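Colleague: Give the three-dimensional model of this entry:
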Amino acid sequence: MIDKSIMAPEAAKPLTFRVNGEVRTLQVPPAKRLLSILRDDLLLTGTKRSCEIGRCGACMVLIDGEPVNACLAMAYQCEGKRITTIEGVQGAEEGSLHPVQQAFLEEGGYQCGYCTPGMVISVVALLNRNPAPSGEDIEEALSGNLCRCTGYGGILRAVCRAVELRKEDEDVHAGIHAGSETGAGSSAE
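Modeller: Below you'll find the model as predicted:
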């Protein structure tokens with residue numbers, strides 16, 4: 001006799017996590033893939049569905065700041081975690097592009113655009129942990145992302161440009177802070 005209980009659909013359980021800065025609670029089966037939760041339940045379609053076996057990087061997201069293929073992450077693994085999708089990547093000013101996104105536009109780091117969200121997420125993670133990566137560091141960080149359209153030249157140029165833009169942004173902010181400190185000091189005299 002077959003035990004039909006093992007064939008029953010898995011019961012949904014509450015999943016609470018932070019997606020792009022917003023706390024979300026959903027009722028989902030623990031083994032549901034994060035990719036399906038993002039695209040189908042939360043309608044965040046910037047995270048792309050492609051190979052579904054963790055080989056292409058089109059579904060890359062950040063989980064607590066680390067790049068992860070959303071097609072391989074299960075709901076139970078995301079409990080209490082911070083998830084950042086491409087929709088959550090933005091510049092310092094509201095509505096502005098993140099330096100990595102700006103660099104991809106400037107350097108033609110995309111063609112059809114399907115792999116671009118995953119590439120951007122991987123580069124954001126790289127620059128967060130290593131603001132001045134070597135060529136080898138860049139290649140390693142992008143080794144889990146496939147692009148079927150380009151020869152990667154535009155993508156690699158975009159990463160180098162993102163490093164420059166980020167440095168320029170840091171220099172501007174350092175100047176603003178230094179200027180405000182100088183201004184505060186002179187008004188106290």
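
Colleague: Count the neighbours of the residue lying closest to Ala92 once chain neighbours are set aside for me.
Modeller: Using Cβ to Cβ, 6 or more residues apart in numbering and skipping residues adjacent in sequence, the residue nearest Ala92 is Asp169, 7.0 Å away. All C-beta atoms are positioned from the backbone trio N, CA, C, and that covers glycine. By other Cβ atoms under 10 Å, 15 other residues sit near Asp169.

Colleague: Could you check the pLDDT of Asp169?
Modeller: Looking at Asp169, its pLDDT stands at 79.

Colleague: pLDDT below threshold where in the protein?
Modeller: Across the chain, the ranges flagged by pLDDT under 70 are 1-9, 176-189.

Colleague: Helix or strand for the residue nearest to the spatial centre of it, just tell me which one.
Modeller: By Cα atoms, centre = their mean, the chain has its centre lying nearest to Ile121, at 3.2 Å. Using DSSP states H and E, Ile121 maps to helix 116-129.

Colleague: Go through that helix and flag the buried ones.
Modeller: By neighbour count on 16 or more other Cβ atoms under 10 Å, the buried set for helix 116-129 is 116-127.

Colleague: Residues touching it, excluding its own?
Modeller: Residues outside helix 116-129 that contact it (Cβ atoms under 8 Å, 6 or more residues apart in numbering) are 46-48, 56-62, 65-67, 84-86, 89, 98, 100-101, 104, 109-110, 133, 137-138, 141-142, 144-145, 147, 155, 158-159, 162-163, 166.
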